[in-house]
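> Generate a structure from the sequence data that follows.
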Amino acid sequence: MSGPVDGLAGGPVNGRLDLSRPTRVHVVGVGGAGMSGIAAVLAAMGHVVSGSDLKWSPGLERLKALGVDVRVGHDAAHVDGAELVTASSAVMASNPELTEARRRGITFCSRAQVLAAVCALRRCAAVSGTHGKTTTTSMLALILVEAGLRPSFLVGGDLTQLGTNAVWSDGQWLVVEADESDGTFLAVEPDLAVVTNIEPDHLDHYGSFDALVAAFDRFAAGRPGGVVAGADDHVSAEVGRRHGATLVGTSPGADYRLTALRSGPAGVGFDLLHDGETLGRIELPVTGGNIAQNAAMATVAAMTIGAPVTAATSALARFAGVSRRYEHRGERNGVVFVDDYAHLPTEVAAVLAAAAQEGRRVVVVFQPHRYSRTAAVGSQFADAFAGADLLVVTDVFPAGETPMPGVTGRLVADAVAQAHPELELHYVANRSELPEAVSGLLRPGDLCLTLGAGDLTALPDELMADAEW
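The predicted model follows:
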């Protein structure tokens with residue numbers, strides 16, 4: 001069994017969790033991006049929060065400073081005193097803390113149920129989509145802060161300039177990143193829905209692309225504050241049109257259009273047009289895949305809520321990025337290290353387009369994510385790395401999945417090699433052998449780009465700390 005079972009004894013009445021009174025909450029897997037934000041918000045709301053995770057991390061350190069009782073390792077005793085237990089869908093049902101909660105009859109609520117209960121306490125703007133939702137959510141939150149609206153927010157990555165992914169404030173709006181991967185976004189009832197784009201992903205959960213699109217239709221339906229959707233992705237545009245969305249993009253049919261686009265190592269910029277009128281010039285000091293589109297969507301969403309465009313121009317001019325989104329990690333021996341969460345073909349291609357602006361030799365290290373995803377889209381990476389000068393592929397990061405026969409990182413490597421035999425390509429199956437293999441390929445002046453949603457994010461630090469390199 002891969003995930004926890006909803007509805008333990010004593011669960012919420014009619015599927016609704018009431019967070020209006022102080023509650024003792026235990027969070028299993030509290031170090032993850034989604035659960036850490038929920039724990040921080042619950043603590044700020046006045047609940048007594050504890051949590052556990054497999055290993056120590058900066059996120060646990062931050063939660064401890066916020067008053068969360070954090071523990072390393074999983075033990076049945078950790079649920080002592082808890083009135084409510086929650087966990088992400090990545091936590092196994094056999095986890096000893098979940099097993100003990102079931103035995104004691106402690107109320108269990110999924111992450112989706114807890115998120116829905118938090119959202120019910122504020123007017124909610126929810127951002128979803130296959131790509132760009134973390135960055136768009138972050139930008140939207142910062143624009144509303146700049147506008148003086150004092151928003152609360154829950155984001156799937158740390159905002160670099162704030163050093164956190166969650167804030168509970170006294171304003172009427174809550175901005176959340178709504179995750180479609182396991183259907184969580186359908187538990188939220190937002191005033192305003194934002195759909196960045198829709199591509200085939202998480203089909204192990206939905207069964208088909210049509211079912212995924214139908215889920216986005218439900219997410220966008222009947223939103224009193226409206227819908228903002230990406231115009232340049234034809235699927236999100238179609239879903240948006242079905243629900244009267246405001247469309248944003250470079251496409252001629254967009255309600256808000258990006259024009260006069262500028263992109264380079266120092267950042268990106270564009271004019272935002274509406275009804276033939278230029279509303280303002282947005283300039284950002286960061287680069288990365290689809291960063292301009294994300295900024296435009298965040299700006300339009302903020303304007304829909306009531307923020308002036310000047311709040312966007314001011315906030316985004318200082319935007320420092322989000323962790324693992326074209327994040328500059330450092331420099332060693334003349335090599336610049338950049339890390340990005342990109343793990344789908346279109347994401348990888350967009351990040352490489354940004355890397356090309358750096359004017360360096362681009363060395364990419366890629367870690368495929370999940371066996372099910374690699375089996376489904378591995379061959380689609382054939383052209384995704386066309387902008388690289390050298391590519392290193394490692395084996396699949398399982399993310400809790402059981403290995404599938406015949407599914408390894410070679411599916412990606414072989415697809416690229418067949419489509420682009422001119423590209424220097426190395427397959428290093430063992431993750432532990434990567435530091436030595438990659439350091440031997442790097443040379444001064446390179447840009448080393450680590451891509452993937454798994455533990456490859458540690459590779460830049462491993463290389464920069466290597467005394468023998």
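
> could you pull out the strands for the stretch 251-400 of the chain?
For the stretch 251-400 of the chain, the strands defined by DSSP state E, counting those that start in this stretch occupy 256-264, 267-274, 277-284, 327-332, 335-340, 361-366, 390-394.

> among those strands, which gets the worst mean confidence?
Among the strands of the stretch 251-400 of the chain, strand 327-332 has the lowest mean pLDDT, at a mean of 89.

> In terms of secondary structure, what does that one contact?
Here strand 327-332 touches strand 335-340, helix 459-464, going by 3 or more CB pairs under 8 Å, 6 or more residues apart in numbering; DSSP states H and E. The way it works is simple: take the backbone N, C-alpha and C, and place the C-beta from them, glycine included.

> How far does the first one sit from its chain's centre?
A distance of 19 Å separates the centroid of the chain from that of strand 335-340, by CA atoms, centre = their mean, to the nearest Å.

> winner for burial among the strands of the stretch 251-400 of the chain?
strand 390-394 (a mean of 25; mean count of other CB atoms under 10 Å).

> how near is the residue nearest to Pro403 when sequence neighbours are not counted to Thr196?
Excluding the flanking residues, the one nearest Pro403 by CB to CB, 6 or more residues apart in numbering is Tyr371, at 5.9 Å. To Thr196, Tyr371 is 26 Å away according to CB to CB, to the nearest Å.

> and Ala301, how many neighbours?
Ala301: 29 surrounding residues under other CB atoms under 10 Å.

> let me fix that: His202
His202: 18 neighbours (other CB under 10 Å).

> these two touch, right, it and Phe185?
No - applying CB atoms under 8 Å as the test, His202 and Phe185 come out as separate, 11.1 Å apart.

> Of the helices and strands packed on strand 327-332, give the one that comes closest to Gly253.
Closest to Gly253 of those is strand 335-340 (CB to CB; 30.0 Å).

> Extract the C-alpha trace of the closest one and format it as PDB.
The C-alpha coordinates for strand 335-340 follow below in PDB (Å, rounded to 0.1, in the frame of the first residue of the first chain):
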ATOM      1  CA  VAL A 335      32.400  26.400 -13.000                       C
ATOM      2  CA  VAL A 336      29.000  28.000 -12.200                       C
ATOM      3  CA  PHE A 337      26.500  25.600 -10.600                       C
ATOM      4  CA  VAL A 338      22.700  26.100 -11.200                       C
ATOM      5  CA  ASP A 339      20.100  23.700  -9.900                       C
ATOM      6  CA  ASP A 340      16.500  23.300 -11.100                       C
END
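
> Look up which residues are beta-bridged to the residue nearest to Glu83 when sequence neighbours are not counted.
For Glu83, ignoring the flanking residues on the chain, the nearest one in space by CB to CB, 6+ apart is Arg24 at 4.7 Å. Beta-bridge pairing for Arg24 (DSSP bridges): Val48.

> so Arg24 sits right up against His47, yeah?
Yes - with contacts counted by CB under 8 Å, Arg24 reaches His47, the gap being 7.3 Å.

> The residue nearest to Pro403: what's it in contact with?
Contact analysis of Tyr371 by CB atoms under 8 Å, 6 or more residues apart in numbering lists 396, 398, 401-404, 407.

> out of those, who's nearest Ala214?
Using CB to CB, the shortest approach to Ala214 within these belongs to Glu401, at 24.5 Å.

> and the closest residue to that closest one other than its chain neighbours, what pLDDT?
Nearest non-adjacent residue to Glu401, counting by CB to CB, 6+ apart: Tyr371, 4.9 Å away. If you check Tyr371, the pLDDT there is 93.

> likewise the one 4 residues further on?
Each residue has a pLDDT score; the one for Ala375 is 92.
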